[in-house]
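1. what's the 3D shape of this:
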Amino acid sequence: MKYKLIRSKRKSIAIEIDRAGAVTVRAPYRIPNVAVKAFIEDKQDWIREHIKKAQEMSLEAADIEPLTEEELDKLYDEAKEVIPKRVRYYAELMGVDYGRVTIRCQKTCWGSCSSKGNLNFNCLLMLAPSDIIDYVVIHELAHRKFMNHSKNFWKEVEIMIPGYKEKRKWLNTYGEEIMQRKRAME
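-> Numbering: from 1, shown residues only. Down below sits the predicted model:
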């Protein structure tokens with residue numbers, strides 16, 4: 001099986017499969033190549049299944065209706081109105097402060113939080129249900145307490161949204177379709 005190996009200061013081996021079906025294996029420096037190969041052999045069925053899903057999604061992407069510039073402008077305006085209000089509301093509940101709130105139209109990211117406390121959100125969130133928007137806002141605000149995805153970070157998210165795993169699942173399942181509508185514009 002063909003794959004790209006990237007070594008870093010991580011603690012475990014991970015396998016990524018991109019939209020084109022290319023396989024990337026990420027491994028810690030300390031794990032020998034033999035162990036990496038054994039891991040990949042053990043996960044071959046999983047890898048094949050996910051390559052097939054990626055290829056199916058590529059075919060489906062060809063059928064996705066691209067957003068128009070007008071639709072994109074409306075989403076952007078709506079996001080500028082809705083998201084800052086949600087940020088203010090949840091920041092107060094969570095007891096955190098933040099810097100600037102910026103709305104962008106991104107192809108891969110729903111939101112981000114800088115080390116200075118500036119928050120960025122994707123206008124495409126306006127195509128998601130309101131509870132998903134709230135999840136992304138809470139996720140980014142939780143980074144004001146924990147600038148990582150540690151257990152403490154996820155506990156903070158769970159305090160605000162006990163069913164946050166379902167929201168993450170929704171984004172993983174349906175979010176890609178939304179992002180593809182933006183990518184189809186180009």
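
2. use CA for all of it now, contacts and neighbours both
-> Fine.

3. And the next helix or strand past the helix or strand bottoming out on mean pLDDT in the chain?
-> Lowest mean confidence among the helices and strands of the chain (mean pLDDT, DSSP states H and E): helix 44-61, at a mean of 76. Once helix 44-61 ends, the next helix or strand along the chain (criterion: DSSP states H and E) is helix 69-94.

4. Please work out the average pLDDT along stretch 15-33.
-> Mean per-residue pLDDT for stretch 15-33: 89.

5. Can you give me the buried ones in that stretch?
-> Of the residues in stretch 15-33, 15-17, 21, 23-28 count as buried by neighbour count, 16 or more other Cα atoms under 10 Å.

6. swap in stretch 135-151?
-> Applying 16+ other Cα under 10 Å to stretch 135-151 flags 135-144 as buried.

7. Could you tell me which of those residues are located in helices?
-> Mapping these onto helices (DSSP state H) picks out 135-142.

8. Residue 66 and residue 180, how far apart?
-> Distance, residue 66 to residue 180, by Cα to Cα, to the nearest Å: 8 Å.

9. neighbour-wise, which of the two wins?
-> Per other Cα atoms under 10 Å, whichever of residue 66 and residue 180 has more neighbours is residue 180, with 21 against 18.

10. hmm, back to that, redo the ones in helices among the buried residues of stretch 135-151 as CSV? Include distance to residue 113.
-> As requested, these are exported to CSV (distance: Cα to Cα, whole Å):
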residue, distance to residue 113
135, 14
136, 11
137, 10
138, 11
139, 9
140, 6
141, 8
142, 9
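
11. contacting residues around residue 122?
-> Residues near residue 122 by Cα atoms under 8 Å, 6 or more residues apart in numbering: 103-106, 109-111.

12. What would I type in ChimeraX if I wanted to highlight the buried members of these and nothing else?
-> The ChimeraX command for the buried members of the contacts of residue 122 (criterion: 16+ other Cα under 10 Å) is given here:
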select :103,104,105,110,111
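
13. Among the contacts of residue 122, which lie within helices?
-> Per DSSP H, the subset of those in helices is empty.
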